[in-house]
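Engineer: pasting a predicted model and its sequence here:
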Amino acid sequence: MANNVFDLAELRKLIDEQAAVPPRQPEKAPADHEALTFPPVVLAADAELARMVPTVPLVADAVRLANWTGSRQVTAEGLLPAADAEAAVAELGVAASRLRLVWIVAVNTGLLQILRGSASRGPLPAQLTVEATLEFWDGVVMDVLDRADEGLTGSAVVDGHLAEMLATIYSVRSGVAIANLARGILQSHEVACAPGAPMMRRLAASLPSELLEALSLLTYCGLVEQTASGRTALTPLGVWAVRRDLLREGHDAPTAAEVQVFADLSALELVEALVRGAATQSAVAGWLERRSPEEAAADLVAIAASGTAGQRGAVGAILEELGPEAEAPVREALDLPLMRRYAASWLHIRDLDAPTLSPDDHTWIAVDSLAALMYLSGPLDTTEPPEDLIKLVGEMPAVGHPDTVAVLDMLANAHDDQAVIKAARKAAMKARSLAHTKLG
């Protein structure tokens, strides 16, 4: 899916509309590489999934093609000669438009092995273990998705947004109406490609029929099926394969069992798991479902009010999932020195009465956010442009954050921009001097 266009803001919007989850707060459209958190799914048992693989029409055709091919010569490109391809279509009943995909799947998954210009049959799925069968299925799906750049579905627009379409269907287990899929693709295409009004009108007219053809192919590939209500949903094999691909792309796509592990933790245990990287944001939703917003917010505020910057960062991420129902405990946090700025920001974003934050307050929050990185695993990753970070570094000593010196030392030792390093060292000296002055 890496070569397909993700418009994450539109995908989030469509997921929310279809699943009827509480709306998120307004935010800037995220960068294409930002990870998404997907709803937990229930996977079928591995043995059950493995039994389904040979019944997928594409796999069944690939096996039949491998058996039919036996041992024979292939072209320099590793394909069947034209006469053999015509014979395969006629004798096997495989659609001519799908023969190339079937052949590629057969070769890439080892059903057919090509050596020195000759094809020969490899092991069949029925001869594989459960684990090997699922790896075989993963390879089949990767072959299918990789063909999007070559005109997999016959629709350039659908192929260009195939990844986000499958991700949307994955997110809505009850299925998605075809009209909503078409609308989501058009919205993403307009944002990503800016084709102009005339082209958008033509696409809007042609896309429904193109989408039906694409879904027919994805059904043939074993990825989607129609629900009783006429919506499009992923098959059990489709859920397994799309989740595997989302994980490869760095997205948070948990199973229900993985999320359940965190649901009964205390607030402190959840926060610590988030800081350590043992839990992802997907664990938060299950945890919040077990508690009232007021109870959850009160417990979280208590942790952040006396905790580390890493804990405050984790608490802030959880609080962002809560709506105005949590106002009372968050408002009480206005009286807590380490939480008042976060509380004011949280209230303001939700259009609730809140004190105005000063420029120094915003700088303090920036220092706290950078300080949180010291508690997280992984390399230093700041998204601020160097010139903005240099300006911020110069403002840090004056705001009185307890971790100012540690943050400046971290930037001086770990940042890859020499101008930032120099500014951080200078600001650290100033911060130390101010601290000594206050002590004196």
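Structural biologist: Looks like it came in fine. Residues are numbered from 1 along each chain as shown.

Engineer: hey, let's count contacts and neighbours off CA atoms from now on
Structural biologist: Fine.

Engineer: quick check: which element contains the closest residue to Pro125 other than its chain neighbours?
Structural biologist: Leaving aside its chain neighbours, Pro125 sits nearest to Thr133 (6.0 Å; criterion: C-alpha to C-alpha, 6 or more residues apart in numbering). Assigned by DSSP states H and E, Thr133 belongs to helix 130-146.

Engineer: and for Val330?
Structural biologist: In this structure, Val330 is located in helix 327-332 according to DSSP H and E.

Engineer: tell me the first helix or strand C-terminal of that helix.
Structural biologist: Following helix 327-332 in sequence order, the next helix or strand is helix 340-349 (DSSP H and E).

Engineer: what does the helix or strand just after that following helix rub up against?
Structural biologist: Going down the chain from helix 340-349, the next helix or strand is helix 359-373, by DSSP H and E. With C-alpha atoms under 8 Å, 6 or more residues apart in numbering as the test, helix 359-373 has contacts from 308-313, 341-342, 380, 392, 395-396, 399-401, 403-404, 406-407.

Engineer: only the buried members of those residues: can you turn that into a ChimeraX selection?
Structural biologist: Per 16 or more other C-alpha atoms under 10 Å, the buried members of those correspond to this ChimeraX selection:
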select :308,309,310,311,312,313,341,342,392,395,396,399,401,403,404,407
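
Engineer: among the contacts of helix 359-373, which are in strands?
Structural biologist: Counted as lying in strands by DSSP state E, out of these, is not a single one.

Engineer: how much space between the residue nearest to Pro125 and Ala47?
Structural biologist: The gap separating Thr133 from Ala47 is 9 Å, by C-alpha to C-alpha, to the nearest Å.

Engineer: who's in contact with Leu134?
Structural biologist: For Leu134, the contact set (C-alpha under 8 Å, 6+ apart) comprises Asp46, Leu49, Ala50, Val53.

Engineer: how long is stretch 315-334 from one end to the other?
Structural biologist: 15 Å.

Engineer: go on, stretch 40-54?
Structural biologist: Start-to-end, stretch 40-54 (C-alpha to C-alpha) is 27 Å.

Engineer: what about that stretch, distance to the chain center?
Structural biologist: Taking C-alpha atoms, centre = their mean, to the nearest Å, one finds the center of stretch 40-54 at 22 Å from the center of the full chain.

Engineer: what is the mean pLDDT for that stretch?
Structural biologist: Average pLDDT, stretch 40-54: 95.

Engineer: other residues contacting that stretch?
Structural biologist: Stretch 40-54 is contacted from outside by 59-60, 125-126, 130-131, 133-134, 137, 236-237, 239-240, 253-257, 259, 282, using C-alpha under 8 Å, 6+ apart.

Engineer: need the next SSE after the helix of greatest length in the chain, C-terminal direction.
Structural biologist: What stands out as the longest helix in the chain, according to DSSP state H, is helix 197-220. Downstream of helix 197-220, the next assigned helix or strand under DSSP H and E is strand 224-226.

Engineer: continuing past that next one, what's the next helix or strand?
Structural biologist: strand 232-234.

Engineer: tell me what that next one is packed against?
Structural biologist: helix 162-171, strand 224-226 (3 or more C-alpha pairs under 8 Å, 6 or more residues apart in numbering; DSSP states H and E).

Engineer: list the contacts of it.
Structural biologist: Strand 232-234 is contacted from outside by 169-170, 172-178, 223-227, using C-alpha under 8 Å, 6+ apart.

Engineer: and for Glu34, the neighbour number?
Structural biologist: Residues near Glu34, counting by other C-alpha atoms under 10 Å, number 12.

Engineer: which of the three states applies to it?
Structural biologist: coil (DSSP: H, G, I helix; E, B strand; the rest coil).

Engineer: who's in contact with it?
Structural biologist: Here Glu34 is in contact with no residues (criterion: C-alpha under 8 Å, 6+ apart).

Engineer: ok, now the one 4 residues further on?
Structural biologist: Residues in contact with Phe38, defined by C-alpha under 8 Å, 6+ apart, are Ser171, His251, Asp252, Ala253, Pro254, Ser282.

Engineer: pretty sure Val405 is touching Leu434, no?
Structural biologist: No: counting by C-alpha atoms under 8 Å, Leu434 is not a contact partner of Val405; they are 10.6 Å apart.

Engineer: report the contact partners of Gln281.
Structural biologist: If you count contacts by C-alpha under 8 Å, 6+ apart, Gln281 has them with Thr37, Asp252, Leu274.

Engineer: filter those to the buried ones?
Structural biologist: Going by neighbour count (16+ other C-alpha under 10 Å), these have Thr37, Asp252, Leu274 buried.

Engineer: in which helix or strand does the last one reside?
Structural biologist: This points to Leu274. Using DSSP H and E, the element containing Leu274 is helix 267-276.

Engineer: so which of the contacts of strand 232-234 wins on neighbours?
Structural biologist: Tyr170 (28 neighbours).

Engineer: hmm, it is touching Val239, no?
Structural biologist: Yes: counting by C-alpha under 8 Å, Tyr170 does reach Val239; the two are 6.4 Å apart.

Engineer: on that earlier part again, closest one of the contacts of Leu134 to Glu210?
Structural biologist: Nearest to Glu210, judged by C-alpha to C-alpha, of these is Val53 at 26.8 Å.

Engineer: so that closest one versus Val140, what's the distance?
Structural biologist: Counting by C-alpha to C-alpha - Val53 and Val140 are separated by 10 Å.

Engineer: what touches both of the two?
Structural biologist: Val59.

Engineer: pick out whichever of these two has more residues nearby.
Structural biologist: Neighbour comparison, Val53 and Val140: the larger count goes to Val140, with 25 against 21 (by other C-alpha under 10 Å).

Engineer: for the more buried one, which non-adjacent residue is spatially closest?
Structural biologist: Residue nearest to Val140 in three dimensions, not counting chain neighbours: Val105, with 5.9 Å by C-alpha to C-alpha, 6+ apart.

Engineer: who's in contact with that neighbour?
Structural biologist: Val59, Ala62, Val140, Asp143, Val144.

Engineer: with Ala412 instead?
Structural biologist: Val420, Ile421, Lys422, Ala424, Arg425.

Engineer: Leu392 versus that one, what's the distance?
Structural biologist: Distance from Ala412 to Leu392, counting by C-alpha to C-alpha: 14 Å.
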